[in-house]
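K.L.:
Predicted structure and sequence below. I'll ask about it afterward.
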Amino acid sequence: MQIPYFSHRPTAAWMAVSALAVVLALAACGQAASTSAPTAAPAAPQVSYIVVQPQRVALTSELPGRTAPVEVADVRPQITGLVQTRKFVEGSEVKAGELLYQVDPASYRAAVDSAQAALAKAQATLVSTKLQASRYKELVAIKAVSQQEADNAAATQLQGEADVASAKAALQTAKINLDYTRINAPISGRIGKSAVTVGALVTANQTTALATVQKLNPIYVDITQSSSALLALKRALAQGTLGSGTAKVTLRLEDGSTYPLDGKLQFTDVTVDQSTGAVTLRAEFPNPHAELLPGMYVRAVLAQAVAEQALLVPQPAVSRDSTGKPIAFVVAADGKLEQRTLVTDRAIGDQWLVTSGLQAGDKLVVEGQQKAQPGAQVDAKPMAAAKPASASVATN
């Protein structure tokens with residue numbers, strides 16, 4: 001009997017049946033897994049916020065400036081002569097009228113003596129002419145002298161009186177020149193270095209000053225501000241957007257320190273510098289210890305205006321979009337993140353002064369906005385509840 005031959009090679013039908021069984025088994029397993037362990041939804045990102053509140057803020061402008069003396073006077077000779085003595089110490093304080101230099105007075109004293117002698121001569125001559133004119137006046141009445149002779153005598157008297165007046169003026173001039181040999185301080189203040197020494201020849205109205213006296217207490221600070229910024233400030237004040245400031249000025253010195261005494265704005269110049277487009281403002285500062293010297297570069301902080309309903313926000317809460325505009329995020333009423341485009345005026349300390357884009361009562365996100373997208377649901381907490389992050393923001 002012949003045994004039938006069975007091939008061990010799988011047929012196509014058998015393979016199709018096997019594949020279908022495997023697919024059904026995997027589907028059954030997936031369905032069982034999905035029904036037994038459902039996937040958890042992602043948690044909402046956590047953000048920390050502050051509630052924006054309006055406040056009264058003094059708006060200041062920090063501007064460059066230079067110190068300048070309140071009064072300055074160059075000491076110049078008004079006569080020609082040799083310097084005999086110098087009576088001051090360079091860099092010291094001098095009083096108005098105090099003797100600074102003594103010029104050799106010998107020739108000027110002689111000129112005074114000569115003028116006095118000329119005056120005495122003219123006065124003596126006048127006495128004679130007066131007597132002659134008086135006698136001729138009497139004689140002409142009795143026809144003893146002619147009228148012409150009487151008139152000549154009267155004219156001689158008048159000429160003698162003029163000679164006396166001229167001699168008096170010459171004497172006064174000589175005395176003034178003698179006084180000019182004493183070169184005195186024109187104003188009170190601190191005197192600088194001397195340009196001449198004893199024995200030097202000085203001349204009347206020379207171009208080189210012998211020394212310079214400057215009054216340093218109080219002292220001026222000349223500040224420059226752009227005309228456009230000044231116009232914007234004036235418009236805001238006129239419209240009532242800002243209130244007038246106190247005109248108080250503080251100084252930051254070249255080494256970064258703050259000058260301990262406050263100054264006051266005196267005036268604003270009426271001319272704009274055509275080369276810089278800036279206006280000069282002048283402030284006055286007390287300077288009892290001469291800490292401020294003329295020509296020093298300083299930074300002046302002016303309290304020019306007051307914003308009664310200013311919105312200040314922490315700088316970490318404000319970022320920039322791709323175009324460079326400042327943006328911030330707020331938590332909307334439905335708990336979703338909302339992006340706002342801001343308009344900032346200036347930085348005040350570690351905060352931005354916002355003029356547009358936020359309103360009082362908005363929940364401004366300070367931390368965590370990087371973890372969420374605008375429109376996303378967030379878990380918002382006040383800054384006080386965010387312990388570690390709150391401390392780090394407060395120190396920025």
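P.N.:
Sure thing, it's come through.
K.L.:
Would you double-check that residue 120 falls in a helix?
P.N.:
Yes: applying DSSP: H, G, I helix; E, B strand; the rest coil, one finds residue 120 inside a helix.
K.L.:
what residues are up against it?
P.N.:
Residues counted as contacts of residue 120 (C-beta atoms under 8 Å, 6 or more residues apart in numbering): none. Any C-beta I mention is one placed from the backbone N, CA and C, and that applies to glycine too.
K.L.:
Per-residue pLDDT of it, please?
P.N.:
Per-residue pLDDT puts residue 120 at 92.
K.L.:
How about the one 10 residues further on?
P.N.:
For residue 130, the pLDDT comes out at 85.
K.L.:
to the chain's geometric centre, what's the distance from stretch 289-308?
P.N.:
Put simply, stretch 289-308 sits 5 Å off its chain's centre (C-alpha atoms, centre = their mean, to the nearest Å).
K.L.:
and that stretch, how far apart are its ends?
P.N.:
38 Å (C-alpha to C-alpha, to the nearest Å).
K.L.:
Quick check: buried residues in it?
P.N.:
Residues 292, 294, 296, 298-307 are the ones in stretch 289-308 that count as buried (16 or more other C-beta atoms under 10 Å).
K.L.:
What is the nearest of those to residue 106?
P.N.:
residue 294 (38.2 Å; C-beta to C-beta).
K.L.:
The closest one contacts residue 216, correct?
P.N.:
Yes: at 7.2 Å, residue 294 and residue 216 qualify as touching, with contact defined as C-beta atoms under 8 Å.
K.L.:
Spit out the residues that contact those two alike.
P.N.:
residue 69.
K.L.:
What is the lowest-pLDDT residue among the buried residues of stretch 289-308?
P.N.:
Where pLDDT dips furthest among the buried residues of stretch 289-308: residue 304, at 67.
K.L.:
Below-threshold pLDDT in this structure: ranges please.
P.N.:
1-42, 233, 236-247, 304, 384-396 (pLDDT under 70).
K.L.:
could you pull out the helices for it?
P.N.:
12-36, 106-141, 147-179, 227-239, 387-394 (DSSP state H).
K.L.:
Leaving aside the residues adjacent along the chain, what's closest to residue 210?
P.N.:
residue 75 (4.6 Å; C-beta to C-beta, 6 or more residues apart in numbering).
K.L.:
can you tell me which residues contact the one you found?
P.N.:
Residues in contact with residue 75 (C-beta under 8 Å, 6+ apart) are 100-101, 183, 185-186, 191, 209-213.
K.L.:
which of the residues you listed lies closest to residue 277?
P.N.:
Of those, the one sitting nearest to residue 277 (C-beta to C-beta) turns out to be residue 212, at 32.1 Å.
K.L.:
For the closest residue to the closest one other than its chain neighbours, give me its contacts.
P.N.:
Once flanking residues are discounted, residue 212 sits nearest to residue 192: 4.9 Å by C-beta to C-beta, 6+ apart. Residues in contact with residue 192 (C-beta under 8 Å, 6+ apart) are 90-91, 211-214.
K.L.:
Dump the residues you listed into TSV; add neighbour count as well.
P.N.:
Listed next are the contacts of residue 192 as TSV, based on neighbours: other C-beta atoms under 10 Å:
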residue	neighbour count
90	11
91	10
211	22
212	18
213	25
214	18
